[in-house]
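Student: Prediction below, plus the sequence it came from.
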Amino acid sequence: MSTRSVLAGSAILVAIAAILARDRVFFPAYPECRTIPGDAAWPDISAWTKLNDTVGGKLIATVPIAAPCHKILNGAPNSLYDEEQCAVLRDHWHFPETHLSSPSSPMSYLFSNNTCNPWSDPDTPCTTGTDAVYVINATEVSDIQEGVRFATENNIRLVVRNTGHDYLGKSTGAHSLSIWTHKLKSIELLGQYSSSEYTGPAIKMGAGVESLEAYKFAASHDLVVAGGNCPTVAMAGGFIQGGGHGPLASKYGLAADTVLEMEVVTPTGQYVTASARENADLFWALRGGGGGGTFGIVTSATVKAFPDTYGSTASMMVANTGDNADALYSAIGGFIQKALPGLVDAGAFVVWIAAPFGFMVSPAVAPGLTSAELDKLMQPMVDILKEAGLEYQYSSAQHKNFLASFEFYSQGTSWNVSDYNVGGRLIARALALERTDELVEAVRHISTTAFMSGVSYNVAHGVASPGDVAAHPYFRKTLFGLALGTPVNYTDWSATLAGQERITHDLIPALERLTPGGGAAYLNEANFEQGDFQRTLYGDHYGRLLEIKRKYDPESIMYARTAVGSEEWKERGDGGLCRTQ
Ligand SMILES: Cc1cc2nc3c(=O)[nH]c(=O)nc-3n(C[C@H](O)[C@H](O)[C@H](O)COP(=O)(O)OP(=O)(O)OC[C@H]3O[C@@H](n4cnc5c(N)ncnc54)[C@H](O)[C@@H]3O)c2cc1C
Ligand SMILES: *[C@@H]1O[C@H](CO)[C@@H](O)[C@H](O)[C@H]1NC(C)=O
Ligand SMILES: *[C@@H]1O[C@H](CO)[C@@H](O)[C@H](O)[C@H]1NC(C)=O
Ligand SMILES: *[C@@H]1O[C@H](CO)[C@@H](O)[C@H](O)[C@H]1NC(C)=O
Ligand SMILES: *[C@@H]1O[C@H](CO)[C@@H](O)[C@H](O)[C@H]1NC(C)=O
Ligand SMILES: *[C@@H]1O[C@H](CO)[C@@H](O)[C@H](O)[C@H]1NC(C)=O
């Protein structure tokens, strides 16, 4: 080795040492991985008891909800084993309510890691697995602050959970302390909210208020708010923080577009208001740019409320008989081209489904339109079906107000939320209208073996400019979001994993191929294994979001898969969370 290269080599070493030294200065106490149970640094029982005292006895030690189905729990004989209770649990497993009321069970089965399976043999052991280890059942701001402080001081993974709906498993986390905001149920009418941006009625709601609860409260004041199509997603939780589309989206925009202010405990423990006047950067980020669990723990949101109105709903069904498949998919193309744009531009929100059984519209919701007006907007599809000789069922109805519309179409719908692995993609209007055949080919490829829904809206006018809120700018040119699912097989975990593989390596790529190097996905309805998630889920907003993340969470206390800044962490196979940089 020449003297010169030795010198160059040592210069590099000096440079590396300087970088390490600099890192030491900036990150004094940063261990590489979060502490997990079994580590010497994991707090002992007395420390947890002390935390429990500071939160008024609201600390819950997690018991997996399927514990009654197993004789061994976390390596010890399980006194909770109870066949009857297990049978009841299995019957109710598929419904959101089962997991909603649990402090820790994720609705999306994949993220349970199959470590406490209600269908497996009772002799197979049950472990806490990927559930949080402890949960704070928060009812006060100070409960949240204490949780953040404890997690920070003890280097423990912090998770925020509300309803547990998250399709990307972001509201659960192995070896974590979780803050559960489900019980923050306050709700009040601010009759005359006034700021430089907006004057009019507003509703202030705690983070735990679910869509249907907000709809009911608003209806009692002859008002509506922009909530979800699913009755149980928490408005101010991952829904608004991820963007949030629902039955009023084509009228009022994304739910995030309607937010006036939010109250937040930041990752450094401060309790702040985020609005156009205070902490405006945080306010921007919280409206669609985090998907929750990123910039702080939201305790409330104040949203615009709009006058209630009559409306109508419609539904349609065309069966795939096998023989009619060519005609059916061609009709789906016709529906996308000739019916959908008119529907969403008239203020309707349309969910259509393509699956092995056929095609459905379930529902079309048209606030402020009569059923005759809605029928007219659906007529192009009726004509296409008649022309093609395809048999169909169609019905429509008119309702006195928004709540009546919502209850009419959502009653009896079983969401079976736990039964699918999910992925998704946003489809731009230009793509849908100009390259319909290619799109329909991809839809056919996916829906002959998987379940797919197209959630259609026009939110272009929700904000004056797409950069006004952090939600992906792609929403403004979207005609529908496609969400697809492969079934969970409770008795064959490898089949469930294979279904997820298919989403990542076959089904989503079929859609990605339509927009090489571009395109986007809705962060709440995306594949958790989405590559290049920064661009795909956040678009041009990512750089600014990362700056805001670093400002409010300088120690990266909050981590959620695919969230802004999550590239600083990697999950180990055993669930441990370690720094990548
Ligand atoms: C059956 C079903 C139907 C759905 N329908 C719709 C729909 O119509 N429209 C739509 O836009 N989306 C829909 N979604 C997606 C939904 O918006 C997301 O799953 C959303 O993240 C749910 O938020 P949550 O707070 O209720 O759920 P959780 O799973 O509890 O939380 C989701 C994320 O938000 C974070 N979070 C929760 N609460 C807070 C808080 N208080 N402060 C900070 N972070 C928080 C969590 O850490 C997590 O990252 C649906 C999902 C399901 C399963
Ligand atoms: C916290 O305290 C309450 C009330 O004393 C108790 O019921 C609960 O079991 C405690 N939680 C833990 C994890 O010890
Ligand atoms: C998840 O499951 C795998 C395979 O069974 C196991 O190795 C891993 O430890 C589990 N992770 C957790 C956090 O339980
Ligand atoms: C959480 O707290 C509420 C009171 O705010 C209580 O009604 C509920 O039972 C608690 N849940 C659990 C699981 O401890
Ligand atoms: C949902 O689950 C219930 C209960 O197991 C079942 O009867 C029903 O067929 C399921 N629905 C769908 C759409 O999978
Ligand atoms: C689940 O897997 C088992 C075993 O491979 C298989 O027998 C069963 O039919 C599968 N169930 C479903 C609903 O696909």
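Tutor: Okay, I see it. Residues are numbered from 1 along each chain as shown. Ligands and ions are numbered 1, 2, ... in the order given.
Student: Tell me the residue of the stretch 301-450 of the chain that sits nearest ligand 2?
Tutor: Relative to ligand 2, the nearest point of the stretch 301-450 of the chain is residue 418 (26.2 Å; CB to the nearest ligand atom). Any C-beta I mention is one placed from the backbone N, CA and C, and that applies to glycine too.
Student: Also the stretch 451-581 of the chain?
Tutor: Going by CB to the nearest ligand atom, ligand 2 is nearest to residue 575 of the stretch 451-581 of the chain, at 20.0 Å.
Student: which residues does that residue contact?
Tutor: Residue 575 makes contact with 36, 113, 129, 130, 173, 174, 175, according to CB atoms under 8 Å, 6 or more residues apart in numbering.
Student: where does the stretch 401-550 of the chain dip in pLDDT?
Tutor: 412-415 (pLDDT under 70).
Student: in it, what residue is nearest ligand 5?
Tutor: Residue nearest to ligand 5 within the stretch 401-550 of the chain: residue 416 (3.8 Å; CB to the nearest ligand atom).
Student: So what's the residue count around that residue?
Tutor: 15 (other CB atoms under 10 Å).
Student: My guess is it contacts residue 95. True?
Tutor: Yes. Shown here, residue 416 and residue 95 form a contact pair, counting by CB atoms under 8 Å, at 7.4 Å.
Student: So the residue of the stretch 301-450 of the chain closest to ligand 2 versus residue 137, what's the distance?
Tutor: Counting by CB to CB, to the nearest Å, the gap between residue 418 and residue 137 amounts to 22 Å.
Student: try residue 122
Tutor: Going from residue 122 to residue 137 by CB to CB gives 29 Å.
Student: Show me the strands in the stretch 451-581 of the chain, by range?
Tutor: In the stretch 451-581 of the chain, the strands defined using DSSP state E, counting those that start in this stretch lie at 451-456, 478-487, 569-571, 577-579.
Student: Any idea which of those strands gets closest to ligand 3?
Tutor: strand 569-571 (8.8 Å).
Student: Pull out the buried residues from the closest one.
Tutor: 569, 571 (16 or more other CB atoms under 10 Å).
Student: for stretch 392-400, same thing?
Tutor: Applying a neighbour-count criterion of 16+ other CB under 10 Å, the buried positions in stretch 392-400 are 392, 396, 397, 398, 399.
Student: Relative to ligand 4, which of those is nearest.
Tutor: Looking across the buried residues of stretch 392-400 and measuring by CB to the nearest ligand atom, the closest to ligand 4 is residue 399, at 33.9 Å.
Student: Can you classify the residue in the chain that ligand 2 sits nearest to by secondary structure?
Tutor: The chain approaches ligand 2 most closely through residue 57 (3.2 Å), counting by CB to the nearest ligand atom. Put simply, residue 57 is coil when judged by DSSP: H, G, I helix; E, B strand; the rest coil.
Student: same question, residue 293
Tutor: Going by three-state DSSP: residue 293 is coil.
Student: ok, it to residue 530 distance?
Tutor: Applying CB to CB, the value for residue 293 to residue 530 is 17 Å.
Student: Then residue 89?
Tutor: Counting by CB to CB - residue 89 and residue 530 are separated by 32 Å.
Student: quick one, which of the two is more surrounded?
Tutor: Neighbours per residue (other CB under 10 Å) separate residue 89 from residue 530, with residue 530 holding more: 22 against 17.
Student: okay, and the helix or strand of the protein with the least pLDDT?
Tutor: Among the helices and strands of the chain, helix 3-26 carries the lowest confidence by mean pLDDT, DSSP states H and E, at a mean of 40.
Student: that older thread, ok, and the closest non-adjacent residue to the residue of the stretch 451-581 of the chain closest to ligand 2?
Tutor: residue 174 (2.6 Å; CB to CB, 6 or more residues apart in numbering).
Student: Could you dump the strands of the stretch 451-581 of the chain into CSV and include distance to residue 75?
Tutor: Putting the strands of the stretch 451-581 of the chain into CSV (distance: least, CB to CB, whole Å) gives the following:
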stretch, distance to residue 75
strand 451-456, 38
strand 478-487, 31
strand 569-571, 23
strand 577-579, 23
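Student: Of the ones you listed, which is nearest ligand 4?
Tutor: Nearest of these (CB to the nearest ligand atom): strand 577-579, 25.1 Å.
Student: what helices or strands is the closest one leaning on?
Tutor: The contact analysis (3 or more CB pairs under 8 Å, 6 or more residues apart in numbering; DSSP states H and E) places strand 577-579 against strand 569-571.
Student: can you count the residues close to the residue of the stretch 401-550 of the chain found nearest ligand 4?
Tutor: The stretch 401-550 of the chain approaches ligand 4 most closely through residue 418 (19.3 Å), counting by CB to the nearest ligand atom. When neighbours are defined as other CB under 10 Å, residue 418 has 21 of them.
Student: sorry, back to before: roughly how far does the residue of the chain closest to ligand 2 sit from ligand 4?
Tutor: Note on residue 57: its distance to ligand 4, by CB to the nearest ligand atom, to the nearest Å, is 9 Å.
Student: Check residue 337 too.
Tutor: Separation of residue 337 from ligand 4 (CB to the nearest ligand atom): 50 Å.
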